[in-house]
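Chemist: have a look; sequence and predicted model below, questions after that.
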Amino acid sequence: MKYNFDEIIDRKKTNSLKWEFMNILTDKANEDTLPMWVADMDFACPPEIVEAIKTRADRRIFGYSSHMTPEYFDAVCGWLKRRFGWKVDDKDIFASSGVVHALDTLVRAMTNAGDGVIIQRPVYYPFTSVIEGNGRAVVNNRLINNDGYYTIDFEDLEEKARDSNNKMMIFCSPHNPVGRVWTKEELKRLGEICLRNDVLLVSDEIHFDLLRKGKKHTVISTLFEETDRIIVCTATSKTFNTAGLNSSNIVIRNKEQQKRWKKTAGMVLLNPFAIAATEAAYTKCDEWVSEVNDYIDENMLYIDSFLKGKMKKAKSVMSEGTYLTWIDLSGYGFSAEELKRKMIEEANVLFDMGDMFGKEGEGFIRINVACPRSIVVECMDRLYNTLEV
C-alpha cells in the first residue's frame, strides 16, 4: 500500500472526542479504556488534504468564508459524477455544518410539529433526537433481521407511508449500524412507496464511499431522475476523516424546498479549512479511498474469522458498507445493562451499545474498525477474555 494505515497516531491532547471525552457516555472510562465507539477514523487524513489545509493556513487570515466558488462546486459535482454517475447541478447543492445539523434543519423546514417521520431501527440514534427534539413523532419501520442479514419490511413501510400524518422518511444508505448496502431493487421499491404516498424522502448517504470489495453503492436519486422529491445528504467527513471540520453537502432539487431550506437554515458559512479540504478530497484522493477500503475490508475479515473461531455464541453481521461492524452478543444471555457494564468495567472497551440504536439493537455492540489492525486485535482479545475466559 502507498499509505500506512498501521501507523499508531497518539490522539490524546488533540481535543479528540473519541479518545479524551469518553465520559460523555460513561464515568467508568479511564486512561486505559479502548475507544471503539464514535465514528471517526484513527487513520491520518490523506496527505493531499493535510497539504491543502497547510497551504490555506499560510494565507494567515481565517475570516468568514463561503464555499460558493466554481472550484468548490466543480470538486463536489465531479466526485458525484465520477464515483456514482450522478449529475448534480451546483445550484442544487446546499452546505451545512454536518449531516445531523442538516437533518435537524430539514425536519424543521419540511414538516410541522406533530407530523410523523419514518425511520428504520436499529438506526443511527441522532435520527431519533432530531425528530423528537423538534416535536415530531418517530414512526418506526423496523428492519427485519434474517439471522444477521437485514432487509426492509416493505409491507409495513407501505402501511405507514399511507398514513397522511407521516410526512417524511429519513433513510440511511448505506445503513448505520447494520452495514447494508441496499440493492437497486430495494431502493427503487422504497422510493416508489414514498413518492406514491407523498412522503418526502431524505436519504443520509454519508457513508457512500465506504464499501466492501465487490459492493457498489447506488445514490437513490439516480433511480428517480424524473422527480425532485428526494433530498440526499453527503459529506467528506466519514470518507476522509474530516468530521472535525464540520461541513456537508445537501442536494435539494425542488425549488420550493430550497426556499424552505434557505429560510430555516439562514446564511451558512463554512470553516475555510473545510472548503480547502473538500476541494482536495474530491479532486486528489481517489487512490486513498481505494486503499482505506481495502484496509477496512481486512479488519472486517479479521473480526469475522475471530468470532467464528473463538466466540461461537457471538454472531457477526458482515458489513457491506461503512467502517462499522454490528455484532450480536445476545447468545451470552446478558441484559442490555449487564452487557454494557461488562464491556466497560471488565473488557475496558467503550462501544456504542446496541440499544442506543433502538430496542431492536439490544444485545448488540457496534464496533468502529477504522483503526490500525493492532487496535482491532486488542479489542477482540479483550472481548474474548471477558466473555469466554
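Modeler: Perfect, thanks for sending it.
Chemist: which one's the longest strand in the chain?
Modeler: The residue-count maximum for a strand in the chain (DSSP state E) belongs to strand 166-172.
Chemist: contact partners of that one?
Modeler: Strand 166-172 is contacted from outside by 103, 106-107, 110-112, 115-120, 123-124, 127, 131, 139, 141, 160-161, 190, 194, 199-204, 220, using CB atoms under 8 Å, 6 or more residues apart in numbering. From N, CA and C alone the C-beta is placed, and that goes for glycine too.
Chemist: please save the CA atoms from that strand in PDB.
Modeler: The C-alpha trace of strand 166-172 is given here as PDB (Å, rounded to 0.1, in the frame of the first residue of the first chain):
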ATOM      1  CA  ASN A 166     -46.500  10.800   8.200                       C
ATOM      2  CA  LYS A 167     -44.800  13.500   6.100                       C
ATOM      3  CA  MET A 168     -41.100  12.500   5.800                       C
ATOM      4  CA  MET A 169     -38.800   9.400   5.800                       C
ATOM      5  CA  ILE A 170     -35.200   9.700   6.900                       C
ATOM      6  CA  PHE A 171     -33.400   6.800   5.200                       C
ATOM      7  CA  CYS A 172     -29.900   5.500   6.000                       C
END
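Chemist: ok, it: who's next to it in the sheet?
Modeler: Sheet pairing of strand 166-172 (DSSP bridges) gives strand 116-119 (parallel), strand 200-204 (parallel).
Chemist: out of those strands, nearest to residue 337?
Modeler: strand 116-119 (24.2 Å; CB to CB).
Chemist: what pLDDT, on average, does the closest one get?
Modeler: For strand 116-119, mean pLDDT is 99.
Chemist: in that strand, which residues are buried?
Modeler: Going by neighbour count (16 or more other CB atoms under 10 Å), the buried part of strand 116-119 is 116, 117, 118, 119.
Chemist: same thing with stretch 154-172?
Modeler: Counting neighbours by 16+ other CB under 10 Å, stretch 154-172 gives 154, 157, 158, 160, 161, 166, 167, 168, 169, 170, 171, 172 as buried.
Chemist: so can I have CSV of the strands paired with strand 166-172 showing distance to residue 376?
Modeler: Formatted as CSV, the strands paired with strand 166-172 follow (distance: least, CB to CB, whole Å):
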stretch, distance to residue 376
strand 116-119, 30
strand 200-204, 26
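Chemist: going by residue numbers, what spans are strands in the stretch 201-350 of the chain?
Modeler: 230-234, 248-251, 315-317, 324-328, 349-350 (DSSP state E, counting those that start in this stretch).
Chemist: show me what the helix or strand bottoming out on mean pLDDT in the chain is packed up against.
Modeler: Lowest on mean pLDDT, DSSP states H and E among the helices and strands of the chain sits strand 315-317, with a mean of 91. Where contact means 3 or more CB pairs under 8 Å, 6 or more residues apart in numbering; DSSP states H and E, strand 315-317 is packed against helix 286-310, strand 324-328.
Chemist: deepest-packed of those, please.
Modeler: Comparing the helices and strands packed on strand 315-317 by mean neighbour count (mean count of other CB atoms under 10 Å), strand 324-328 ranks first with a mean of 24.
Chemist: tell me the strands beside that one, with direction?
Modeler: strand 315-317 (antiparallel), strand 364-368 (antiparallel).
Chemist: how far is the shortest one from where the chain is centred?
Modeler: Taking the mean of its C-alpha atoms, strand 315-317 sits 19 Å from the chain's own mean (CA atoms, centre = their mean, to the nearest Å).
Chemist: stretch 363-380 now?
Modeler: With CA atoms, centre = their mean, you get 17 Å for stretch 363-380.
Chemist: for the stretch 251-389 of the chain, which spans come out with low pLDDT?
Modeler: Counting by pLDDT under 70, not a single residue of the stretch 251-389 of the chain qualifies.
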